[in-house]
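Engineer: Here you go, sequence then predicted model.
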Amino acid sequence: MKVTVLGCGRWGSFLSWYANQQGHDVTLWGREASRNYQKLLQTRTNDYLLLPQPIQLTNSLEEAAAFAELIFIAISAQELRGFAKQLNSLNLSDKTFVLCMKGLEENSGERLTSVIKQEIQQPVHVAIWVGPGHVQDFVQDIPNCMVIDSDDSQVTKLIVDSLGSETIRFYYGEDVLGNEIGAAAKNVIGIAAGILDGLGYSSLKGALMARGTKEIARLVKAMGGNELTVYGLGHLGDYEATVFSKHSHNRRFGEAFVKQEPFEKLAEGAATVKALLHLSAKYDVELPICQAVNAVLWKAQDAQEQIMKLFMRPVKFETI
Ligand SMILES: NC(=O)C1=CN([C@@H]2O[C@H](COP(=O)(O)OP(=O)(O)OC[C@H]3O[C@@H](n4cnc5c(N)ncnc54)[C@H](OP(=O)(O)O)[C@@H]3O)[C@@H](O)[C@H]2O)C=CC1
Ligand SMILES: O=C(CO)COP(=O)(O)O
């Protein structure tokens, strides 16, 4: 099968490496001025992997889109709308886009599948690829389990059947909304975990897992999804890779933030938390942990005080 990957950062470069390993013909696209792209072009390496020779590199979006019917996108979530507008000028009829990003649109709370469907006004298929996985583990053959989801089960099956391996066991997703919200929200919980680590409160991460899943499940249910999806691979299943992992950019960002240290990598949860608060208001669902993370990141509130505020809320029944 021919596969195109759009975005050549940490995850995009891995997706191309993995698709090549599964025997597919792969083209990896990056912006010409991108340092990631230039480094891959010159050295065929980055901080994570060695790009096998058969993977073609291009900075022509036209060439990349024309190359394959199956197109993965792994860019920053907040850039997707503008990028999709650019893509829409190309002939994309019948292509399948797999969104390999974990985020929600900051200013609207829109899911990324909605963003792409709004901007690409051509008959295309759209799926998502979520769940736990770090490049650093996969390239050492340390396996994990992930999820493909879409509104069309034939599309879901085609992607899973073309990509499953001993390295990644895929599950067929059955709730795009729940998986998308869950995957985006786990990055916010990851930032909360980093904040706890930075304050020396790592022992609270068990409580964070229990109450974090609970509040995201409430939101998913209110939005019309299946609350149990939150306890699957897309959200809870990704906590090891986010809430506890030394590799997680979101967790590391949260820790660096409270320690007032610089952190340069992409932490999607920082923008996603704003989107979640839009959804909290729209669907009238309380999201106390997300609210606390938002207060710390965007309202200059003291992290320790926010934790105390969470503790001092009225006592409630655990299942609510
Ligand atoms: N297990 C999983 O499913 C994982 C999922 N992810 C997700 O993948 C996504 C990307 O993360 P990651 O790879 O770590 O991030 P990186 O910062 O490493 O890469 C992001 C890429 O997006 C490109 N980009 C940014 N803006 C635009 C734009 N406007 N047009 C085109 N390209 C653009 C960047 O280009 P440039 O090179 O020019 O800077 C860069 O190559 C995130 O949503 C993240 O949550 C990440 C890791 C694991
Ligand atoms: O989604 C991921 C692991 O599954 C990557 O998480 P980070 O972006 O926090 O590194």
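Structural biologist: Received the coordinates, thanks. Numbering: from 1, shown residues only. Ligands and ions are numbered 1, 2, ... in the order given.

Engineer: Identify each buried residue in stretch 71-85, please.
Structural biologist: 71-75, 77-78, 80-81, 83-84 (16 or more other Cβ atoms under 10 Å). Glycine gets a C-beta too; all of them are placed from N, C-alpha and C.

Engineer: And the spatially most central residue of the chain, which helix or strand is it part of?
Structural biologist: When the chain is reduced to its mean C-alpha position, the nearest residue by Cα atoms, centre = their mean turns out to be Lys102, at 1.9 Å. Using DSSP states H and E, Lys102 sits within no helix or strand.

Engineer: Pull the contacting residues for it.
Structural biologist: Shown in contact with Lys102 (Cβ atoms under 8 Å, 6 or more residues apart in numbering): 77, 130, 183-184, 186-187, 268, 272.

Engineer: And the pLDDT at it?
Structural biologist: If you check Lys102, the pLDDT there is 98.

Engineer: Now it. Nearest residue, chain neighbours left out?
Structural biologist: Ala183 (4.3 Å; Cβ to Cβ, 6 or more residues apart in numbering).

Engineer: likewise Arg111?
Structural biologist: Glu180 (4.7 Å).

Engineer: wait, is the one you found part of a strand?
Structural biologist: No. Counting by DSSP: H, G, I helix; E, B strand; the rest coil, Glu180 falls outside a strand, being helix.

Engineer: mind listing the helices for the stretch 201-320 of the chain?
Structural biologist: Applying DSSP state H, counting those that start in this stretch to the stretch 201-320 of the chain gives helices spanning 205-223, 239-242, 249-258, 269-283, 288-298, 303-311.

Engineer: Let me know the angle separating the last one from helix 288-298.
Structural biologist: Just to be clear, that refers to helix 303-311. 160 degrees (axes from the mean of the first three to the mean of the last three Cα atoms, to 10 degrees).

Engineer: Quickly compare the helices of the stretch 201-320 of the chain and say which is most buried.
Structural biologist: Of all the helices of the stretch 201-320 of the chain, helix 249-258 has the most neighbours on average by mean count of other Cβ atoms under 10 Å, namely a mean of 23.

Engineer: and it, anywhere near ligand 2?
Structural biologist: Yes. Residues of helix 249-258 are located near ligand 2 by Cβ under 6 Å from any ligand atom, namely 249-250.

Engineer: Report all helices and strands that that helix contacts.
Structural biologist: If you count contacts as 3 or more Cβ pairs under 8 Å, 6 or more residues apart in numbering; DSSP states H and E, helix 249-258 packs onto helix 176-199, helix 269-283, helix 288-298.

Engineer: contacting residues around that helix?
Structural biologist: So helix 249-258 is contacted by 187-188, 190-199, 242-246, 262-263, 265-270, 293, 296-297, 303 (Cβ under 8 Å, 6+ apart).

Engineer: follow-up on the earlier one: so what pLDDT did the residue nearest to Arg111 get?
Structural biologist: 98.

Engineer: For stretch 282-300, give the mean pLDDT please.
Structural biologist: The pLDDT scores in stretch 282-300 average 98.

Engineer: For stretch 61-75, measure first residue to last.
Structural biologist: Using Cα to Cα, to the nearest Å, the end-to-end distance of stretch 61-75 comes to 14 Å.

Engineer: Just the ones of the buried residues of stretch 71-85 in strands?
Structural biologist: Among these, the subset assigned to strands under DSSP state E consists of 71-73.

Engineer: got the residues of the stretch 101-250 of the chain near ligand 1?
Structural biologist: So the stretch 101-250 of the chain meets ligand 1 at 101-103, 130, 133 (Cβ under 6 Å from any ligand atom).

Engineer: at 5 Å instead, please
Structural biologist: Contacts of the stretch 101-250 of the chain with ligand 1, taken as Cβ under 5 Å from any ligand atom, map to 101-102, 133.

Engineer: What I need now is the residues you listed written out in JSON lines, including distance to ligand 2 for each item.
Structural biologist: Below are those laid out as JSON lines (distance: Cβ to the nearest ligand atom, whole Å):
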{"residue": "Met101", "distance to ligand 2": "9"}
{"residue": "Lys102", "distance to ligand 2": "5"}
{"residue": "Gly133", "distance to ligand 2": "5"}
